[in-house]
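Peer 1: I need the structure of the sequence given here:
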Amino acid sequence: MTILYYPSVEGNPYWEMIRSRMEARGHETRLWNPWDFPQQAQPILHLHWIESIGMDRLTRRSLLATRLAFWRLENQIRLVQRAGGKVLWTAHNAQPHEQRSDPRSRLVADWIARIVGQVDVIVSLSAIGVDAVHRAQPKARAPVVVIPHQNYIGQYPAGDGAAYRQSISIPADAKVMGMIGLIRPYKEIERGIALFQEVADDNAWLLVAGNCFDPALRERLAQLAACTPRVVLAVSHLSDRQFADAHAACDLILVAQRKMLNSGSVISALSLGAPVLSSPIGALPELQEMVGGEWLALKDDITAGDIAGLLERGRPAGAPDLSALDIDRIVDAHLDAYGLAR
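Peer 2: Below you'll find the predicted structure:
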């Protein structure tokens, strides 16, 4: 079987793990790109972050290019379906994270709804996501199957938290809360800094580490960090080793955002043995049932007291049980979904 994927997201191991396991099982995989020459129809076209079409260097500059890129995707869908193949969409989010009212955002949202209405199977990463997809995408007519997000155990090297702390001048005996990963507005890093400002512990530190492609947000965070004691802002691309090191340097990971359906960031933190504090949003209550409250603490309204208490407790012993999210189980479920599609 040949599987055509869109998009390839640099630095995101989600699709890379699934793709490599598919190839190890003898299936051919290819990547679809709207600017390549038209590709022959494939048995399976698997779409992930459809909104990425409106985010590349060309489409960001031109509404016409955005329309053309989506038109080419729609044409590819028709080629696949006419050849007897099927099209799937994994709903990582029911809607794009950052919704705006400008013409580009409206155009992308309209095209996403149009594309979702044409797929043959929808994959939700959680049970709660099924209803969320139907509410956000009323044009969706395809059956929805639930395939959880796989864990990242073994995907990253062992982290060296002590060395990482030393490299960014955080004391070895500090209690460190982290916000790790790509820095985007919807992650509410500013809220996280505001919560940290209320933590009355001179040995508590906040580490914000990851890349940021929004110059205005980067400047706001730099100003907040400059006037907040014990906040370290490490804004740069994180290699896999640096990503693991940053998590190993933290006693707690904070998820400050208040709107979310699924979170690969939470799963990556747990896979690296770092406990997480978040609000009970999206699929996180389902994940908490799996790993337990000591690893994933959910609070309706996170307070400085919640943060201080978890920092004082430190990391739980051992590691969370993420065996239900083993990559081979997830690949089996994808192959089942492809069978349903066919």
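Peer 1: Please count neighbours and contacts with C-alpha atoms only from this point.
Peer 2: Will do.
Peer 1: ranges for the strands of the protein?
Peer 2: Assigned by DSSP state E, the chain shows strands spanning 2-6, 28-31, 44-47, 86-91, 121-124, 144-146, 175-180, 204-210, 231-235, 252-254, 276-278, 296-298.
Peer 1: by contact count, what packs against the third one?
Peer 2: The one in question is strand 44-47. For strand 44-47, the packing partners by 3 or more C-alpha pairs under 8 Å, 6 or more residues apart in numbering; DSSP states H and E come out as strand 2-6, helix 63-82, strand 86-91.
Peer 1: Mean neighbour count, these: which tops it?
Peer 2: Across the helices and strands packed on strand 44-47, averaging neighbours per residue (mean count of other C-alpha atoms under 10 Å) puts strand 86-91 on top, at a mean of 24.
Peer 1: Partner strands of that strand and their direction?
Peer 2: Using DSSP bridges, strand 86-91 pairs in its sheet with strand 44-47 (parallel), strand 121-124 (parallel).
Peer 1: Let me see the ranges of the helices in the chain.
Peer 2: Residue ranges of the helices in the chain, as given by DSSP state H, are 13-24, 63-82, 103-116, 127-136, 161-167, 189-197, 215-226, 240-248, 264-271, 284-291, 304-313, 327-341.
Peer 1: now the last one against helix 13-24, angle please.
Peer 2: Okay, so that is helix 327-341. For helix 327-341 against helix 13-24, the angle by axes from the mean of the first three to the mean of the last three C-alpha atoms, to 10 degrees is 80 degrees.
Peer 1: Who are the contact partners of the residue most central in space within the chain?
Peer 2: Nearest residue to the geometric centre of the chain (C-alpha atoms, centre = their mean): residue 264, 4.0 Å. Contact analysis of residue 264 by C-alpha atoms under 8 Å, 6 or more residues apart in numbering lists residue 149.
Peer 1: Run the chain-centre distance for stretch 149-162.
Peer 2: Centroid displacement of stretch 149-162 relative to its chain, using C-alpha atoms, centre = their mean, to the nearest Å, is 15 Å.
Peer 1: Residue 176 is nearest to which of the helices of the chain?
Peer 2: helix 304-313 (7.2 Å; C-alpha to C-alpha).
Peer 1: Quick one: residues in contact with that closest one.
Peer 2: Residues outside helix 304-313 that contact it (C-alpha under 8 Å, 6+ apart) are 175-177, 195-196, 198-201, 204, 251-252, 277.
Peer 1: And that helix, what's buried?
Peer 2: By 16 or more other C-alpha atoms under 10 Å, the buried positions in helix 304-313 come out as 306-308, 310-311.
Peer 1: Stretch 222-237 now?
Peer 2: 222, 224-225, 230-235.
Peer 1: ok, back up a step: roughly how far apart are the residue nearest to the centre of the chain and residue 67?
Peer 2: 29 Å (C-alpha to C-alpha, to the nearest Å).
Peer 1: cool, residue 184 as well?
Peer 2: Distance, residue 184 to residue 67, using C-alpha to C-alpha: 25 Å.
Peer 1: check contacts around the closest residue to residue 21 other than its chain neighbours.
Peer 2: Nearest non-adjacent residue to residue 21, counting by C-alpha to C-alpha, 6 or more residues apart in numbering: residue 331, 7.1 Å away. Residue 331 sits next to 18, 21-22 when contact means C-alpha under 8 Å, 6+ apart.
Peer 1: cool, and residue 156?
Peer 2: Residues in contact with residue 156 (C-alpha under 8 Å, 6+ apart) are 240-241, 244, 272.
Peer 1: and which of those is nearest residue 94?
Peer 2: Out of these, the member with the shortest distance to residue 94 (by C-alpha to C-alpha) is residue 272, at 26.8 Å.
Peer 1: Next, count neighbours for that closest one.
Peer 2: Here the count is done by other C-alpha atoms under 10 Å, and residue 272 has 25 residues near it.
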